[in-house]
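Colleague: test case, fold it:
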Amino acid sequence: MAAFDVFTLGPAQAPYAWTFGGAAPVARVRPGTILELYTEDCFDGKVRGINDLASQVCDFPFFNPQTGPFYIEGAEPGDTLAVHFVSIEPARDWAASTTFPLFGALTSTHTTATLQPPLPELVWLWALDRERRICTFQGRESDLTVELPMDPMHGTVGVAPPNLEVRSSLIPDAHGGNLDTPEMRAGVTCYLGVNVEGALFSLGDGHARQGEGETCGVAVETAMNTVVIVDVLKGVPTPWPRLESDTHVMSTGSARPLEDAFRIAQLDLLTWISDGYGMSQLDAYQLLSQAVESPLGNVCNGNYTAVAKVRKAWLPGGGRTSDAHARLRAQAQAYLAR
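Modeller: As a prediction, the model looks like this:
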């Protein structure tokens, strides 16, 4: 049986971080370490019933608690941190979602000022059937009940930003952060450019499922038991967070307005494909223009997040730009089979 270097951090074993950058590491780990982690939901577990309004029970800006950060030995600026998601499992049998005053894509906000009053603040509790892999919606203003498939993901994944910056865990950018893309699920490898020594990686904001765009601003929020493998790709720059699954390669872009986030993601994927296969930029531009998919991460946070993804089977050599994902995937399968 293969030996695994495992580090476990459960509930209440360490204080949470609320920022990327500015927080001391909770542990130092070597590349190849398997992290078994508990993450709390975006409300820090304080929204537990329909009368628990986040505006009353939570203290802004203390949303999106992050488990970490972790100092990854050997990670230096100019490297890439590879984070493979082995498993993401809800830690309890319920989740919460809300509307929140002046937040969300279909309401007035602080920066989209209108005469409309804020939407009413409501809480929906979702039942999570972890055996059947079902999330159950129960209407607050009707008797409607709908079962949706569970699709666990992490909304917030990232490293410390450069230049001594400290960024709220609510904001996505080139360091990662609150990307809120449903693509961040088990079986995926996330690539993050390292900006500081040790990378200072953390994650949180688990969602039992989320629609593309996170339209109301809040997903099916719940605590998670998550297992990841971390590794360092030396001398490999990654300007924006990238993802790789068994079937797709993906780039993200975060900015306002949304079209700039779209452009960042599209250009980063084009560059990744062009560099990886020796294609000219114009050939890559034409190929991706006909093959790319463009799902949204969020259209509600301080920066919006767009994703550009393409099937690996449509790329030269089956889309293999490095052996990192395949290698980490094999390590994950060995860990799960132990």
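Colleague: so where is this structure shaky, pLDDT-wise?
Modeller: Scanning the chain for pLDDT under 70 picks out 1-2, 14, 318-321.
Colleague: that one: helices as residue ranges?
Modeller: Assigned by DSSP state H, the chain shows helices spanning 54-57, 258-277, 281-291, 324-336.
Colleague: using PDB, write out every CA atom in the first one.
Modeller: The one in question is helix 54-57. Presented in PDB, the C-alpha positions along helix 54-57 are these (Å, rounded to 0.1, in the frame of the first residue of the first chain):
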ATOM      1  CA  ALA A  54     -27.400  37.200   7.800                       C
ATOM      2  CA  SER A  55     -27.600  41.000   8.200                       C
ATOM      3  CA  GLN A  56     -28.400  40.400  11.900                       C
ATOM      4  CA  VAL A  57     -26.500  37.300  13.000                       C
END
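Colleague: who touches that helix?
Modeller: Helix 54-57 is contacted from outside by 43, 46-47, 63, 98, 100-101, 121, 123, using C-beta atoms under 8 Å, 6 or more residues apart in numbering. Bear in mind the C-beta positions are built from the backbone N, C-alpha and C, glycine included.
Colleague: return the closest of these with respect to Gly158.
Modeller: Ranked by distance to Gly158 (C-beta to C-beta), these are led by Phe63 at 15.1 Å.
Colleague: so the closest one sits right up against Gly45, yeah?
Modeller: No - using C-beta atoms under 8 Å, Phe63 is not in contact with Gly45; the gap is 11.7 Å.
Colleague: quick check: closest non-adjacent residue to Ile264.
Modeller: Gly253 (2.6 Å; C-beta to C-beta, 6 or more residues apart in numbering).
Colleague: list the contacts of the one you found.
Modeller: Taking C-beta under 8 Å, 6+ apart, one finds 240, 260-268, 305-306, 308 in contact with Gly253.
Colleague: counting neighbours, which of the residues you listed end up buried?
Modeller: Buried by 16 or more other C-beta atoms under 10 Å: 240, 261-262, 264-268, 305-306, 308, out of the contacts of Gly253.
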